[in-house]
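Undergrad: Here is my input; please provide its structure:
(2 chains)
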Amino acid sequence: DGGITQSPKYLFRKEGQNVTLSCEQNLNHDAMYWYRQDPGQGLRLIYYSQIVNDFQKGDIAEGYSVSREKKESFPLTVTSAQKNPTAFYLCASSIDGTGTKNIQYFGAGTRLSVL
Amino acid sequence: AQKVTQAQTEISVVEKEDVTLDCVYETRDTTYYLFWYKQPPSGELVFLIRRNSFDEQNEISGRYSWNFQKSTSSFNFTITASQVVDSAVYFCALRAPYEGNNRLAFGKGNQVVVIP
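TA: This is a model prediction of the structure:
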């Protein structure tokens, strides 16, 4: 089955710790995205990547880092610099980042909490 | 800057009633794309529809229908004869290729609760 897999489903972070959220897709999509969702809020873009080995900051990149070494993988690291990391994190992908076919498809999300 | 407003936060309806979700958008682009997504309690966002700015035809898909009006910058979504499975958060989103650099701008969502 083609799709986007996020893991883990639930993650706990201790103070001062970096944690990494996994996002894998087998849709052969070029573009991938990370969003943060807080209760009662819409989605806010953290980082996005339109092609392998390239990524750009979104609206709330501070305290986060990403890499895009493989087309199918776009891991997100929540660093200790992110002081309020508790949120629901969603990964998405699209065929490309600029074309008219740009429909973003989403994974099931990772819920991050601080211990 | 591109912006999406979904005014109603939570809407409760009794099963079989119709429910309409309002979405108002702002952009200076003349070509843009509008989307609706459904987020059930499981959390995953499910794509429902994409509408191009140059196509103002309304669309019906089963119990779902969409009314796109450029004159009022609105892209409203109606669920007819609601069912308990329709209980979810629904997001409207806008992609403006130039003004928004092709990024999706989401509204804050409408929580729909269908009461059996």
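Undergrad: Return the residues in contact with the nearest residue to residue A:29 once chain neighbours are set aside.
TA: Setting aside the residues directly before and after it, residue A:29 is nearest to residue A:93 in space (C-beta to C-beta, 6 or more residues apart in numbering or on different chains), at 3.9 Å. In this view, the C-beta of every residue, glycine as well, is placed from N, C-alpha and C. The neighbours of residue A:93, taking C-beta atoms under 8 Å, 6 or more residues apart in numbering or on different chains as the test, are A:4, A:25, A:27, A:29, A:31-33, A:74, A:104-105.
Undergrad: Work out for me the element residue A:93 sits within.
TA: If you go by DSSP states H and E, residue A:93 is part of strand A:87-94.
Undergrad: Partner strands of that strand and their direction?
TA: strand A:31-37 (antiparallel), strand A:105-106 (antiparallel), strand A:110-114 (antiparallel) (DSSP bridges).
Undergrad: per-residue confidence for the residue nearest to residue A:29?
TA: Per-residue pLDDT puts residue A:93 at 95.
Undergrad: ok, now how distant is it from residue A:6?
TA: Relative to residue A:6, residue A:93 is positioned 11 Å away (C-beta to C-beta, to the nearest Å).
Undergrad: what about residue A:22, how many residues close to it?
TA: 16 (other C-beta atoms under 10 Å in any protein chain shown).
Undergrad: Leaving out sequence neighbours, find the closest residue to it.
TA: residue A:7 (4.7 Å).
Undergrad: Tell me which residues touch residue B:84, please.
TA: B:15, B:114, B:116.
Undergrad: so the last one makes contact with residue B:15?
TA: Put plainly, it is residue B:116. Yes: contact status for residue B:116 versus residue B:15: in contact at 5.2 Å, counting by C-beta atoms under 8 Å.
Undergrad: neighbour count winner among the two?
TA: residue B:15 (13 against 8).
Undergrad: From residue A:59, how far out is that one?
TA: Taking C-beta to C-beta, one finds residue B:15 at 38 Å from residue A:59.
Undergrad: picking up where we left off before, closest one to residue A:11 among the strands paired with strand A:87-94?
TA: Closest to residue A:11 of these, according to C-beta to C-beta: strand A:110-114, at 4.9 Å.
Undergrad: Restricting the selection to alpha carbons, write that closest one to PDB.
TA: What follows is strand A:110-114 as a C-alpha-only set of coordinates in PDB (Å, rounded to 0.1, in the frame of the first residue of the first chain):
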ATOM      1  CA  THR A 110       3.100  11.900  16.000                       C
ATOM      2  CA  ARG A 111       1.900  13.300  19.400                       C
ATOM      3  CA  LEU A 112       4.900  14.700  21.300                       C
ATOM      4  CA  SER A 113       4.700  15.500  25.000                       C
ATOM      5  CA  VAL A 114       7.200  16.800  27.500                       C
END
